[in-house]
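Colleague: Just to be clear, the model below is a prediction. Sequence and coordinates:
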Amino acid sequence: MSSSEDAPQGVIPERLLKGQKALVTGANSGIGKATAIGLGRAGADVVVNYVTGADAAQEVVDEITSFGVRAAAYEADVSQEDQVVAMTDRMVEEFGTIDILVANAGMQRDARFTDMTLAQWQKVLDVNLTGQFLCAREATREFRRRGVVPEVSRSAGKIICMSSVHQIIPWAGHVNYASSKGGVQMMMATLAQELAPEKIRVNAIAPGAIQTPINRDAWETAEARKELLKLIPYDRIGEPQDIAHAVVGLASDLMDYVVGTTLYVDGGMTLFPGFATGG
């Protein structure tokens with residue numbers, strides 16, 4: 001698994017997001033970590049949200065500040081309304097505003113359907129769906145308060161919801177996770193429809209198979225990798241930097257006319273590769 005330092009430095013224009021303030025939830029590992037670092041490399045000041053792992057979050061902050069921008073680590077459970085409100089208020093007080101929200105925090109609690117407990121179901125929905133709702137709501141309130149600042153961005157704010165290919169691909173044994181991501185897709189589209197007239201852009205990114213700790217069993221061994229690659233036409237497993245690059249582009253004014261869209265970053269996983277030879 002590659003580290004953030006392995007990503008090609010020239011891929012992300014260093015000042016593409018200069019002057020913007022970004023909040024990335026679940027940013028002390030995996031996709032969130034790479035995304036926070038990518039936003040910092042692109043010139044944004046970044047708040048690194050975490051719920052556990054303060055030391056790891058501080059390491060992300062230290063790497064981001066090495067690019068000459070500001071960063072801070074904020075502890076907050078995105079499924080808890082009071083903590084999300086407090087986190088957003090603190091960011092506005094300390095950083096001045098928020099321009100970009102990457103609602104990335106997510107989790108799995110896997111079980112076969114009839115063995116899944118209500119607690120397993122509810123916890124995943126609380127973090128993966130309700131958490132994105134709460135963060136998006138609080139960010140939007142700040143976007144509306146501030147409005148468009150043309151010298152910073154053409155939009156009043158950008159919300160990027162982290163979804164998954166499993167918003168459209170059923171996943172046996174993961175009904176809570178797949179349901180939460182299906183909900184993210186419809187929430188994103190509905191918010192985009194409602195907020196676009198206010199120059200607030202809402203979009204989603206749907207990663208495919210990405211090498212992160214949450215799915216280590218799927219790629220760590222040679223046998224597991226071989227089986228996983230059968231599902232990926234592009235014949236490689238994604239890395240967190242693939243998602244970070246997509247986030248930076250989608251958050252920038254280069255994508256200003258992209259509204260209410262899910263960008264699949266999946267190596268072709270959603271192309272139904274099982275039918276490549278005629279089914």
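Modeller: Cool, the structure landed.
Colleague: quick one: which helix or strand includes I232?
Modeller: Following DSSP states H and E, there is no helix or strand that holds I232.
Colleague: Same question for A73.
Modeller: Going by DSSP H and E, A73 is in strand 71-75.
Colleague: CA atoms only for that strand, dumped as PDB, please.
Modeller: Below are the C-alpha coordinates for strand 71-75, written out as PDB (Å, rounded to 0.1, in the frame of the first residue of the first chain):
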ATOM      1  CA  ALA A  71      -4.100  22.600   9.600                       C
ATOM      2  CA  ALA A  72      -5.600  21.400  12.800                       C
ATOM      3  CA  ALA A  73      -7.000  18.200  14.200                       C
ATOM      4  CA  TYR A  74     -10.500  18.300  15.700                       C
ATOM      5  CA  GLU A  75     -12.000  15.300  17.600                       C
END
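Colleague: Okay, now the sheet partners of that strand, with direction.
Modeller: Applying DSSP bridges, strand 71-75 is found paired with strand 45-50 (parallel).
Colleague: Could you tell me the angle between the very next helix or strand once past the partner strand and strand 45-50?
Modeller: Counting by DSSP H and E, the element after strand 45-50 in chain order, helix or strand, is helix 54-65. Put simply, helix 54-65 runs at 170 degrees to strand 45-50, going by axes from the mean of the first three to the mean of the last three CA atoms, to 10 degrees.
Colleague: Could you measure from G38 over to G278?
Modeller: G38 is 40 Å from G278, where distance means CB to CB, to the nearest Å. C-beta: built from backbone N, CA, C; applies to glycine.
Colleague: how about the helices in the protein?
Modeller: 30-41, 54-65, 81-95, 118-125, 131-146, 175-195, 222-229, 240-251 (DSSP state H).
Colleague: Those into a markdown table, with extra columns for mean pLDDT, distance to H166 and mean neighbour count?
Modeller: Compiled in a markdown table, the helices of the chain are given as follows (pLDDT from 0 to 100; distance: least, CB to CB, whole Å; neighbours: other CB atoms under 10 Å):
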| stretch | mean pLDDT | distance to H166 | mean neighbour count |
| --- | --- | --- | --- |
| helix 30-41 | 97 | 14 | 28 |
| helix 54-65 | 98 | 26 | 18 |
| helix 81-95 | 98 | 24 | 17 |
| helix 118-125 | 98 | 12 | 15 |
| helix 131-146 | 98 | 15 | 21 |
| helix 175-195 | 98 | 4 | 19 |
| helix 222-229 | 90 | 14 | 12 |
| helix 240-251 | 98 | 15 | 24 |
